[in-house]
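> the following block contains a protein sequence and its predicted model.
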Amino acid sequence: MNRNLWLLAICQGLFLTNNVTFIAINGLVGLSLAPRGWMATLPVMGYVVGGALATGLVARTQKRWGRRRSFQIGIAVAFGSALLCAQAAVWQNFWLLCAATVVAGYYNANASLYRFAAAELAQPEWREKAVSLVMAGGLLGAVAGPNLAAVTRHWFAVPFAGAYLALAAVALLSLALMQFIEFPPLAARSAAQGGRPLAVLARQPVFIVAAVAGALGFGVMNLLMAATPIAMQVCSLPFEDVALVLEWHVIGMFAPGFFTGHLIRRFGVLPVMGVGLALNLGCIGVALSGVDLHQFVIALFMLGVGWNFLFTGSTTLSLSAYTPEERDRAQGALNFCIFATLALSSFASGVLVTTQGWRLLNLGSLVPVVLTGAALLWLARHRRSAAAAVA
């Protein structure tokens, strides 16, 4: 871990502070403002829809201006959108809140590339650990996000307006830190031009499975996480309990970052992703067993660890699917798959939890879990066949 990686890990933590706070409060603010109850998670959906829409633009700004300047633009957007969210809460304007979160999606798409940038700041033989350790910076968000929401929600007469203003301050801090990170020069990273077209890249088995596992793993996590604050409110649990559950969930998401890279290097990427899949199944089992506080805590913690194994694994898989000159188009495509899936899961989360309930929501999440498992088995079989053919 060099200085650049440490600073990038802190920026990752500040990014997750924004994300976790959004998850903790946007569904509840949306529920209080939405014309219909099933529309409660539209502000959560707006954040990922904005991310999906911004992936192409982010890829172009990364290619034109390089990592640091593009990341700084994203953080500046985070500052402005947080202020707009605060204004929407004060005005009690649901549609302005949705629009503000769509704008914030640009920051989401931009900062989601921190994990790829981490691999460029380390020696090639340590890329897995660099990705894993920078993602571990999300622990800052695990602690800061839920507590920030809890402490600031009553700063003003309008609930949670203070939380949005606090996120604007978090963005300013991240903007200052980003100035001190030295990324590889743009010319050095783009020395070769061209590369294979996206249609060719996307036909590789390793690319397909990286996209499927990353998108569906993130989608399941988002489906259950976005619904949790609403489900707990329906169960008459206080917001302090919601904050506790989300804190342990995000700890589960990023604490494994200190050793996931080591596990991948020792046991291989597919076995680690398989363990992540098993943890997702365990989460669903615990969630179906009841709706007491301890069941929410255990289920969401397992969900977080499972996500870490799947997402770190899919990122590691993707690194072997493209060359440096193909980086921007490949990473943009992978992020688009993730954000499109997140948009669908965010909308489905609000609709299902408010109309069908927590139990059916969890049962429905088994479908993408099974599909992810099928994709991992397919790639494992393909690799065995390729190895046998070479032998």
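Noted; the coordinates are in hand.

> every contact and neighbour count from this point should use C-alpha atoms.
Fine.

> roughly how far apart are residue 34 and residue 120?
43 Å (Cα to Cα, to the nearest Å).

> same check on residue 152?
Per Cα to Cα, residue 152 is found 37 Å from residue 120.

> over to residue 337?
For residue 337 relative to residue 120 (Cα to Cα), the value is 22 Å.

> now do residue 324
10 Å.

> and if you look at residue 274?
Residue 274 is 27 Å from residue 120, by Cα to Cα.

> what's the pLDDT at residue 188?
pLDDT recorded at residue 188 is 48.

> swap that for residue 192, sorry
pLDDT, residue 192: 45.

> quick one: low-confidence parts of the chain?
Within the chain, the stretches with pLDDT under 70 are 1, 186-194, 391.

> show the subsequent helix or strand relative to the longest helix anywhere in the chain.
Longest helix in the chain by number of residues (criterion: DSSP state H): helix 42-91. Using DSSP states H and E, the next helix or strand after helix 42-91 towards the C-terminus is helix 94-111.

> one step back: tell me the angle the longest helix of the chain makes with helix 94-111.
Taking axes from the mean of the first three to the mean of the last three Cα atoms, to 10 degrees, one finds helix 42-91 and helix 94-111 inclined to each other by 120 degrees.

> quick one: list the elements packing against helix 42-91.
helix 3-33, helix 94-111, helix 161-178, helix 186-189, helix 327-355 (3 or more Cα pairs under 8 Å, 6 or more residues apart in numbering; DSSP states H and E).

> now for residue 147: which residues touch it?
Counting by Cα atoms under 8 Å, 6 or more residues apart in numbering, residue 147 makes contact with residue 243.

> check the gap between it and residue 248 for me.
Taking Cα to Cα, one finds residue 147 at 12 Å from residue 248.

> now do residue 293
As judged by Cα to Cα, residue 293 and residue 248 stand 12 Å apart.

> which of the two has more residues huddled nearby?
Neighbour totals were compared for residue 293 and residue 248, and residue 248 leads with 23 against 15 (other Cα atoms under 10 Å).

> was I right about the more buried one contacting residue 294?
No - Residue 248 is beyond contact range of residue 294, at 11.1 Å (criterion: Cα atoms under 8 Å).

> what is the neighbour count of residue 80?
Look at residue 80: counted by other Cα under 10 Å, it has 15 neighbours.

> the closest residue to it other than its chain neighbours and residue 47: what is the separation?
The shortest distance from residue 80 to any non-neighbouring residue, by Cα to Cα, 6 or more residues apart in numbering, is to residue 168 (7.3 Å). Distance of residue 168 to residue 47, given as Cα to Cα: 16 Å.

> between the two, who's got more neighbours?
Comparing residue 168 with residue 47 by other Cα under 10 Å, the one with more neighbours is residue 47, at 30 against 24.

> if I look at the more buried one, how far off is residue 108?
For residue 47, the distance to residue 108 - Cα to Cα - is 7 Å.

> please name the spatially closest residue to residue 49 (chain neighbours excluded).
residue 343 is the one closest to residue 49 (Cα to Cα, 6+ apart), at 5.2 Å.

> who are the contact partners of the one you found?
45, 46, 48, 49, 52.

> what's the separation between it and residue 300?
Taking Cα to Cα as the measure, residue 343 falls 20 Å from residue 300.

> and residue 201, by the same measure?
Distance from residue 201 to residue 300, counting by Cα to Cα: 34 Å.

> with neighbour numbers in mind, choose between those two.
residue 300 (30 against 19).

> could you tell me which residues make contact with residue 369?
Shown in contact with residue 369 (Cα under 8 Å, 6+ apart): 216, 217, 220, 277, 280, 281.

> which residue packs closest to residue 306, ignoring adjacent ones?
residue 276 (3.8 Å).

> tell me the phi and psi of the one you found?
phi -60, psi -40 (degrees, to the nearest 10).

> what about residue 181, which SS state?
coil (DSSP: H, G, I helix; E, B strand; the rest coil).

> need the helices and strands packed on helix 42-91 in TSV with distance to residue 315, can you?
What follows is the helices and strands packed on helix 42-91, written out as TSV (distance: least, Cα to Cα, whole Å):
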stretch	distance to residue 315
helix 3-33	15
helix 94-111	14
helix 161-178	22
helix 186-189	19
helix 327-355	9
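
> can you check which of these gets nearest to residue 304?
helix 3-33 (12.3 Å; Cα to Cα).

> for that closest one, buried residues please.
4-31, 33 (16 or more other Cα atoms under 10 Å).

> okay, the angle between it and helix 94-111?
Using the same axes, to 10 degrees: helix 3-33 against helix 94-111 is 160 degrees.

> what helices or strands is helix 3-33 leaning on?
Counting contacts by 3+ Cα pairs under 8 Å, 6+ apart, helix 3-33 packs against helix 42-91, helix 94-111, helix 114-120, helix 127-136, helix 139-152, helix 161-178, helix 205-234, helix 239-254.

> of all those, which one is nearest residue 360?
helix 205-234 (11.2 Å).

> okay then, goodbye and thanks.
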